[in-house]
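Participant: let me see the structure of the following:
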Amino acid sequence: MPTDKRVTYYEQVLTRPDVDAPSCKVLINLALAYDAVQTVMNRALGRHGISVAAYNVLRILQRSGQEGCPLHEIGELLVTSRANVTGLVDSLEAKGLVRRVPDPSDRRSRRAFLTDEGEKLLQVAHPEHAATMCDLVSGLSDVDKQHLAELLVKLRTLVGSSF
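Facilitator: So this is what the prediction gives:
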């Protein structure tokens, strides 16, 4: 496997005396790992015509059941991109996977619901997505996974995330 040019570039940056190499190395590798994971997962879900963010919206709506979910709440629940929930829902609605209706309890809000087509897509995509996630970390032992998860929670807490 050829070396990622970004790795070579940042290894050079880390040798500069004005850089805290251990801190930068953690954050650079976290960003590169995230990018690699997102690339693989988006490629896998792309075979179903959706992105990771779109998949997450569909799963949120699946769990919301008959009540649907207000768009602002979808944004609060997304793990990855929260940037454009309206655009994500627009795209999913155009594909017939989601429908939106005015919220009867709040005229300013709209609720989104998973359609039968969206449910069918999840029935196919979810097992494949779950297998992809397992494959991505299959080289780690359960102890490694637990330790990495704990370190990531610690970092997230230190950063002050609202999780």
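Participant: how much space between the nearest residue to residue 137 once chain neighbours are set aside and residue 17?
Facilitator: Using C-beta to C-beta, 6 or more residues apart in numbering and skipping residues adjacent in sequence, the residue nearest residue 137 is residue 145, 5.9 Å away. Quick note: C-beta positions are derived from backbone N, CA and C, even for glycine. Distance, residue 145 to residue 17, by C-beta to C-beta, to the nearest Å: 36 Å.
Participant: ok so, going back, just the element for the residue nearest to residue 137, please.
Facilitator: Take DSSP states H and E as the rule and residue 145 turns out to sit in helix 142-159.
Participant: got the contact list for that helix?
Facilitator: Identification of contacts with helix 142-159 by C-beta atoms under 8 Å, 6 or more residues apart in numbering yields 26, 30, 137, 140, 163.
Participant: show me which of those is closest to residue 63.
Facilitator: Closest approach between those and residue 63, by C-beta to C-beta: residue 163, at 17.8 Å.
Participant: ok so, going back, which parts of the helix holding residue 145 are buried?
Facilitator: Buried residues in helix 142-159, counting neighbours by 16 or more other C-beta atoms under 10 Å, are absent.
Participant: coming back round to it: report pLDDT for the residue nearest to residue 137.
Facilitator: Residue 145 is assigned a pLDDT of 97 by the prediction.
Participant: against residue 75, how distant is it?
Facilitator: 29 Å.
Participant: isn't residue 78 right next to residue 59, touching?
Facilitator: No - in this structure, residue 78 is not within contact of residue 59 by C-beta atoms under 8 Å, at 10.0 Å.
Participant: ok so, going back, now the residue nearest to residue 137: how far from residue 136?
Facilitator: On the measure of C-beta to C-beta, residue 145 and residue 136 end up 11 Å apart.
Participant: hang on, the earlier thing: let me know the closest of the contacts of helix 142-159 to residue 103.
Facilitator: Distances from residue 103 to the contacts of helix 142-159, taken by C-beta to C-beta, are shortest for residue 163, at 26.2 Å.
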